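Q: this one's structure only:
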């Protein structure tokens, strides 16, 4: 990133996202903001694949990746769907909560960020790397509260269904007991939603969207435009730089290992006759 680009990036992310410093998109904005004021590495560091992220930007990077992947996934729902993102602050493992409205109904998507983690679920039980978490219970309580909130705004007939969605997990193992709340990986979410039976017409969806737009602490948009296009585009470019640096670093590691093996073989070839002579003598 050049100096002018970094200044532009800092100005852009200062007002990007949902308009809140704590809601969906805040991690991407914070990561870009921290990176924008970081002096870029020199040419030699770039050649050797030194991580371009500053230490402060790196603190937000994993959460920002989760936000980017979620934004891309939800945008695949298309214009017939609306997504409202929670603007409330979240803990380290909460990617974000999203209210998704469309032909298949209303869903509270409880995103949980656990990069490279192993998930096991059976019934109400969910374990992350062997540690039990209460995500199913939390999703059910959240959906009940959202149903009540929409009813208070005039949508008394709607029932919000909870979903637990893992972002970045290495895999989910399902036990024999069926969970009262669907537990999915992010890559499964859109297909799951689109394959649910149609329960609302386009007019009914539009009416629900109008009601949901009055919810406090939620920021709603059409799914096709979820999150800021400029924000996600800038973070995607940063992600490309980080991935390219990692690839170059791996190539240098492989090249170094190959050179070390070659040097060892060469030494053995050269000294082997001398060693053989010592033992034979």
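A: Cool, got the structure. Note that this is a predicted model, so its numbers are computed, not measured.
Q: Of all the residues in stretch 206-222, which ones are buried?
A: By neighbour count on 16 or more other C-beta atoms under 10 Å, the buried set for stretch 206-222 is 207-209, 211-212, 215, 218-221. Any C-beta I mention is one placed from the backbone N, CA and C, and that applies to glycine too.
Q: Need the max-distance pair from those.
A: Largest separation among the buried residues of stretch 206-222 by C-beta to C-beta: 207 and 219, giving 19.5 Å.
Q: what sits up against the host helix or strand of residue 141?
A: In the assignment (DSSP states H and E), residue 141 maps to helix 135-152. Helix 135-152 has contacts (C-beta atoms under 8 Å, 6 or more residues apart in numbering) with 97, 99, 106, 108, 110, 112, 121, 124-126, 158-164, 179-181, 183, 208, 211-212, 215.
Q: immediately after that helix, which helix or strand?
A: Next along from helix 135-152, by DSSP H and E: strand 160-167.
Q: now that next one against helix 135-152, angle please.
A: Angle of strand 160-167 versus helix 135-152, following axes from the mean of the first three to the mean of the last three C-alpha atoms, to 10 degrees, is 140 degrees.
Q: packing partners for strand 160-167?
A: Strand 160-167 sits against helix 55-75, strand 94-102, strand 105-113, helix 135-152, strand 183-185, helix 186-194, with contacts defined as 3 or more C-beta pairs under 8 Å, 6 or more residues apart in numbering; DSSP states H and E.
Q: Run through the neighbouring helices and strands of the shortest one.
A: Spelled out, that is strand 183-185. strand 160-167, strand 171-174.
Q: can you tell me which of these comes nearest to residue 83?
A: strand 160-167 (12.6 Å).
Q: Direction included, what does the closest one pair up with?
A: strand 105-113 (parallel), strand 183-185 (parallel) (DSSP bridges).
Q: Check those strands for me and report the most buried one.
A: strand 105-113 (a mean of 25; mean count of other C-beta atoms under 10 Å).
Q: Measure how far that one is from the centre of its chain, please.
A: 14 Å (C-alpha atoms, centre = their mean, to the nearest Å).
Q: got the angle for it vs helix 186-194?
A: Going by the same axes, to 10 degrees, strand 105-113 makes 180 degrees with helix 186-194.
Q: next SSE after strand 105-113?
A: Remark: after strand 105-113, the chain's next helix or strand is strand 118-122, criterion DSSP H and E.
Q: buried sites along the next helix or strand after that next one?
A: Once the chain leaves strand 118-122, the next helix or strand it forms, by DSSP H and E, is strand 125-128. By 16+ other C-beta under 10 Å, the buried positions in strand 125-128 come out as 126-128.
Q: Show the secondary-structure elements that strand 125-128 is packed against.
A: strand 118-122, strand 131-133, helix 135-152.
Q: if you skip the residues just before and after it, what's nearest to residue 110?
A: residue 139 (4.4 Å; C-beta to C-beta, 6 or more residues apart in numbering).
Q: Could you give the number of residues near the one you found?
A: 26 (other C-beta atoms under 10 Å).
Q: One more: residue 51?
A: 16.
Q: secondary structure class for it?
A: In three-state terms, and counting by DSSP: H, G, I helix; E, B strand; the rest coil, residue 51 is coil.
Q: surely it meets residue 248?
A: No. Counting by C-beta atoms under 8 Å, residue 51 stays clear of residue 248, with 10.5 Å between them.
Q: per-residue pLDDT, the residue nearest to residue 110?
A: Residue 139 carries a pLDDT value of 92.
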